[in-house]
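*Asks:* here you go, sequence then predicted model.
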Amino acid sequence: PQNERRVVWCSIRFLLVSQRNIREAEEDVQHLFIAGDQAPSKTGNAPDTIRKVVIATAEVTTLTTSHFYWGGITVTGTSLYVADAPSIREVSTDTGIVSSLSINTGTLPPIVNPSGMISDAVNIYFADHYDHTIKKAVIVSGIVTSLAGSAGATSSADGTGAAARFKSPSHITSDGMNLYVTDDQSIRKVVIATGEVTTLVAPHNQ
């Protein structure tokens, strides 16, 4: 509804005043979560903050205050997941308690710099920015697999799985069947079921 959207934007304007930089925003049905840096204090760098906005009432509370190496955020159920290089943190949307997701990369190289994230409530899909890959982490087990791209190999080649190439992928969104990834100056589509990668939008000189 129009009134709710107006309230949310008023809340965001308030947060822009109290935080130096809004890094990421994510929403569920009832809340908007805003992650950003606080303005530095006279005694040094201030911690980072995640705020929770109740959409219906515009009530703003501080969910947690910590130090994050910001990547993307995604919310599912009562958990907000934060890409905090080189790990993934879990923040309870009820209590603000922060914990680390237990990660098991198996034979894959360690996670380097998780960036954009999206969740389907079972898995977290994320761009490993400096590893140039798209990965999947199973929330319950923490098992990480590579969906597309090859660790450390960069180009804009389309392909399936490890045959595809990325150049520092960052933000991710999804329609449930595909991932859409901003990758350097391109927008790439990744089929979740197969790992097939195609380029939807490419630079003019490519």
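*Replies:* Arrived safely, thanks for sending.
*Asks:* what bridges to Leu80?
*Replies:* Assessed by DSSP bridges, Leu80 has beta-bridge partners Val75, Val91.
*Asks:* wait, it touches Phe33, no?
*Replies:* Yes - using C-beta atoms under 8 Å, Leu80 makes contact with Phe33 at a distance of 5.7 Å. Just so you know, the C-beta spots here come from the backbone N, C-alpha and C atoms, and that holds for glycine as well.
*Asks:* more neighbours: those two, which one.
*Replies:* Leu80 (26 against 21; other C-beta atoms under 10 Å).
*Asks:* what residues are up against that one?
*Replies:* Neighbour list for Leu80: 26, 33, 50, 63, 73-74, 90-93 [criterion: C-beta atoms under 8 Å, 6 or more residues apart in numbering].
*Asks:* between those residues, which is nearest Ile124?
*Replies:* Distance to Ile124 across these (C-beta to C-beta) is lowest for Thr74, with 6.5 Å.
*Asks:* so what's Tyr180 up against?
*Replies:* Applying C-beta under 8 Å, 6+ apart to Tyr180 gives the contacts 172-174, 187-190, 200.
*Asks:* any chance of a ChimeraX selection covering the buried ones in those?
*Replies:* Filtering the contacts of Tyr180 down to the buried ones (16 or more other C-beta atoms under 10 Å) takes a single ChimeraX command:
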select :172,174,188,189,190
